[in-house]
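Asks: Sharing a sequence plus its predicted fold:
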Amino acid sequence: METFTTTALGKTELNTIEPLNIEAILKGKFHDYLARPARKLPLDGLIGHGILTADGVVWKRHRTLMKSSFSRKRLEDFSMYEDHVQNLIGHIPSDGSPVDLQELFFSLTMDMSTDHLFGLSCSSLAPTSELSPTPDFGISFDRAQRAAVVKFALGSFDNLRPQPQYWADTKRVRQYADDYIHKALDRTSPMESISGNLAESVTKSHSCDPPRKANVLESFAEQSDSLEEIRAGLLHLLVAGRDTTASLLSNLFISLAREPRAWRKLRAEVATLNGVQPDAATLKQMPYLRQCIDESLRCHPPVPWALRIAARDTTLPTGGGKDQQSPILVEEGTLVLVPLYCLHRHSDFWGADADNFVPERWDTVKPGYAYLPFLAGVRKCLGWEFAVNTAAYVLVRLVQQFPELETGDCRPWAEELGLTMTSANGARVILRTAACAQWSQRLAAFIIAVERLIFTRRLGCATFSPSHAKHFRALSDHLQL
Ligand code: HEM
């Protein structure tokens, strides 16, 4: 059954993964649905009223102010990527010991987003940075995002409980955002007071600079005197862009570490670059790289569901009646949920191997509304190309630096649900540079040779038993000796 309704705590909820219905919700009948009623309670306290929580004119204004940062020219400028990747590489052990990449990717995506969107990276992976958020900020930001999910589930009952931790966390997050805004805008113009006329001071600061496109922060500051609105612009983009891209990168590495065949195929494609840093044009000519990213987003969509509230009585084209193919009435106020995780793993759309990571499936599939990691229609993710470029660039550079990848965790994948879906067990892998891989292969060859000698001596004969021979052959194959 692809469409059904449930009722909990007096709320009716309609779930659908029927592509025709999804297309109606996101596109054909877009005006019949709202985002704000479902999101204001869980999110306003933490990130304020902005693009993710707004509809109508406020949503349009925020989307317009953000758009220039996602122009083709800005998206294809990779000049800022490399420093951040080098900072990341500095945190990955070069001796082949295990590392949790997820923690590092959270910092990396924070550094890259702040650089690209606000013109000043918080450089949390750099050896020193005065803007680097303290660990307290990360803990508060993550905890408050997880609390938002509980708030959503409790609805208006949420106000009945005291939440000192939540309010302390939101205060810390806002404080960091305000300090950051001051520093980022001060960089171009010393401002006496952020609550004064921001527009004037920022415009003044550019009067003798060569003309250039303002970043998101400057766009907001030029249009608004309200620190609250500027802060909302900043925090909405951080919530939308940081964990999602970190989740994509983490899950990519988890899947590739468990599929050595896919890793080798990707490595062969990356080898055609001969170690050179990729640009936008090069990345477009790497089909397997893109297939790995698409497949990771299919198996582990960082945003696992889409939520809307019906703004008026409306209908969906299919899923009703005895035959479950008739239109369905959706009453005003109904919560409509599209579980993207289920959509992306349904065997009707993806076949019997829907649960497996198979990048090659993208040679033939054309999924339409059965694949929506960034949703679709006028509210499609604003940062999707930035996220894909970031993931592609980071992946290529890490493959070039560490040609060997192994999983460091044999537990089954498990989800952690906040506003995004991440891996509950992190992304524990082992990465080896070419030199380290060669050294460990030599060591393994040496150990095998010594073991052979000991066995031969102990068994008193020059040959192994079939099971010993099989054991050594398997080990040699695994190590590609
Ligand atoms: C793999 C990474 C990402 C995924 C999977 C993702 C997914 C999504 C999804 C599903 C939505 C729609 C939510 C809804 O309306 O229900 C969305 C919206 C949005 N995303 Fe992303 N996103 C990613 C990265 C980013 C990045 C890097 C940015 C910016 C830095 C960004 C900015 C936004 C914004 C501003 C919206 C709101 C659009 C609107 O309501 O008009 N996203 N994203």
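Replies: Sure, I can see it.
Asks: any residue of the longest helix along the chain up close to the ligand?
Replies: Scanning the chain for the longest helix, with DSSP state H as the assignment, gives helix 227-258. Yes. Contact of helix 227-258 with the ligand (Cβ under 6 Å from any ligand atom) involves 237, 240-241, 244-245, 248. From N, CA and C alone the C-beta is placed, and that goes for glycine too.
Asks: Now render those residues as JSON lines, adding distance to Pro93 and pLDDT.
Replies: Formatted as JSON lines, those follow (distance: Cβ to Cβ, whole Å; pLDDT from 0 to 100):
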{"residue": "Leu237", "distance to Pro93": "32", "pLDDT": "95"}
{"residue": "Ala240", "distance to Pro93": "31", "pLDDT": "95"}
{"residue": "Gly241", "distance to Pro93": "28", "pLDDT": "94"}
{"residue": "Thr244", "distance to Pro93": "27", "pLDDT": "97"}
{"residue": "Thr245", "distance to Pro93": "23", "pLDDT": "98"}
{"residue": "Leu248", "distance to Pro93": "23", "pLDDT": "98"}
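Asks: would you turn the residues you listed into TSV with neighbour count?
Replies: Listed next are the residues of helix 227-258 next to the ligand as TSV, based on neighbours: other Cβ atoms under 10 Å:
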residue	neighbour count
Leu237	26
Ala240	23
Gly241	23
Thr244	25
Thr245	27
Leu248	27
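Asks: Show me which pair in those is furthest apart.
Replies: Greatest spacing in those, by Cβ to Cβ: Leu237 and Leu248 (16.4 Å).
Asks: can you list the residues of the stretch 351-481 of the chain near the ligand?
Replies: 373-375, 379, 381-383, 386-387.
Asks: quick one: the strands in this structure?
Replies: 3-8, 11-16, 33-34, 99-100, 305-310, 314-320, 326-330, 335-339, 404-407, 415-417, 421-423, 428-432 (DSSP state E).
Asks: Tell me which of these sits nearest to Gln163.
Replies: Nearest to Gln163 among those is strand 415-417 (18.9 Å), distances taken as Cβ to Cβ.
Asks: which residues does the residue of the chain found nearest the ligand contact?
Replies: The ligand sits closest to Gly383 of the chain, with a gap of 2.1 Å, by Cβ to the nearest ligand atom. Applying Cβ atoms under 8 Å, 6 or more residues apart in numbering to Gly383 gives the contacts 70, 237, 240-241.
Asks: Would you convert those residues into CSV that also reports distance to Ala435?
Replies: Formatted as CSV, these follow (distance: Cβ to Cβ, whole Å):
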residue, distance to Ala435
Phe70, 39
Leu237, 39
Ala240, 39
Gly241, 35
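Asks: What is the nearest of those to Thr12?
Replies: Ranked by distance to Thr12 (Cβ to Cβ), those are led by Ala240 at 28.1 Å.
Asks: list the buried ones in stretch 80-88?
Replies: Judged by neighbour count using 16 or more other Cβ atoms under 10 Å, the buried positions of stretch 80-88 are 81, 83-85, 87-88.
Asks: sorry, that was for stretch 34-47
Replies: Neighbour-count burial for stretch 34-47, counted by 16+ other Cβ under 10 Å, picks out 34-39, 41-47.
Asks: The ligand next: which of those are close?
Replies: Applying Cβ under 6 Å from any ligand atom to the buried residues of stretch 34-47, those adjacent to the ligand are Ala35.
Asks: Including pLDDT and distance to Leu419, could the buried residues of stretch 34-47 go into CSV?
Replies: Below are these laid out as CSV (pLDDT from 0 to 100; distance: Cβ to Cβ, whole Å):
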residue, pLDDT, distance to Leu419
Leu34, 98, 18
Ala35, 96, 13
Arg36, 96, 16
Pro37, 93, 17
Ala38, 91, 12
Arg39, 93, 10
Leu41, 91, 13
Pro42, 91, 8
Leu43, 94, 8
Asp44, 94, 13
Gly45, 93, 13
Leu46, 94, 9
Ile47, 95, 10
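Asks: Return the subset of the buried residues of stretch 34-47 lying in helices.
Replies: Those of the buried residues of stretch 34-47 lying in helices (DSSP H): 36-39, 41-47.
Asks: so what's Pro93 up against?
Replies: When contacts are counted by Cβ under 8 Å, 6+ apart, Pro93 touches 99, 431.
Asks: If we use 6 Å, what do you get?
Replies: Neighbouring residues of Pro93 by Cβ atoms under 6 Å, 6 or more residues apart in numbering: Val99.
Asks: Check the one 3 residues further on too.
Replies: With contacts defined as Cβ under 6 Å, 6+ apart, Gly96 is in contact with 430, 432, 436.
Asks: Just give me the neighbour total for the residue nearest to the first one when sequence neighbours are not counted.
Replies: Same thing as Ile430. With Cβ to Cβ, 6 or more residues apart in numbering as the criterion, Ile430 has its nearest non-adjacent residue at 4.3 Å, and that residue is Glu406. The tally of other residues near Glu406 (other Cβ atoms under 10 Å) stands at 14.
Asks: ok, back up a step: which two in the contacts of Gly383 are spaced the farthest apart?
Replies: Using Cβ to Cβ, the pair of the contacts of Gly383 lying farthest apart is Phe70 and Ala240, separated by 11.7 Å.
Asks: Nearest residue to Thr407 in space, please, no chain neighbours.
Replies: Ala257 (4.0 Å).
Asks: how much space between Gln165 and Lys171?
Replies: Gln165 sits 11 Å away from Lys171 when distances are taken as Cβ to Cβ, to the nearest Å.
Asks: quick revisit: quick one: which of the buried residues of stretch 34-47 is nearest Arg411?
Replies: Distances from Arg411 to the buried residues of stretch 34-47, taken by Cβ to Cβ, are shortest for Pro42, at 29.7 Å.
Asks: okay but that closest one is in contact with Ala153, surely?
Replies: No. In this structure, Pro42 is not within contact of Ala153 by Cβ atoms under 6 Å, at 8.9 Å.
Asks: Would you mind naming what in the stretch 51-200 of the chain lies close to the ligand?
Replies: So the stretch 51-200 of the chain meets the ligand at 51-52, 63, 66, 113, 117 (Cβ under 6 Å from any ligand atom).
Asks: Between all of the residues you listed, which two are at the greatest distance?
Replies: Using Cβ to Cβ, the two most remote members of those are Arg63 and Ser113, lying 17.0 Å apart.
Asks: Number of residues surrounding Asp178?
Replies: That count, for Asp178 with other Cβ under 10 Å as the rule, works out to 16.
Asks: If we ignore the residues flanking it in sequence, what's nearest Asn251?
Replies: Going by Cβ to Cβ, 6+ apart, Asn251 has His300 as its nearest residue, at 4.0 Å.
Asks: What separation do you get for the residue nearest to Leu297 when sequence neighbours are not counted and Leu417?
Replies: Excluding the flanking residues, the one nearest Leu297 by Cβ to Cβ, 6+ apart is Pro373, at 3.9 Å. Plainly put, Pro373 is 16 Å away from Leu417 if you go by Cβ to Cβ.
Asks: Specify which residue of those two has the higher count of neighbours.
Replies: Under the neighbour definition other Cβ under 10 Å, Pro373 and Leu417 were set side by side, and Pro373 has more, 22 against 12.
Asks: where exactly do the helices run in the stretch 1-150 of the chain?
Replies: Assigned by DSSP state H, counting those that start in this stretch, the helices in the stretch 1-150 of the chain fall at 19-23, 36-47, 56-67, 72-75, 81-89, 101-118, 135-154.
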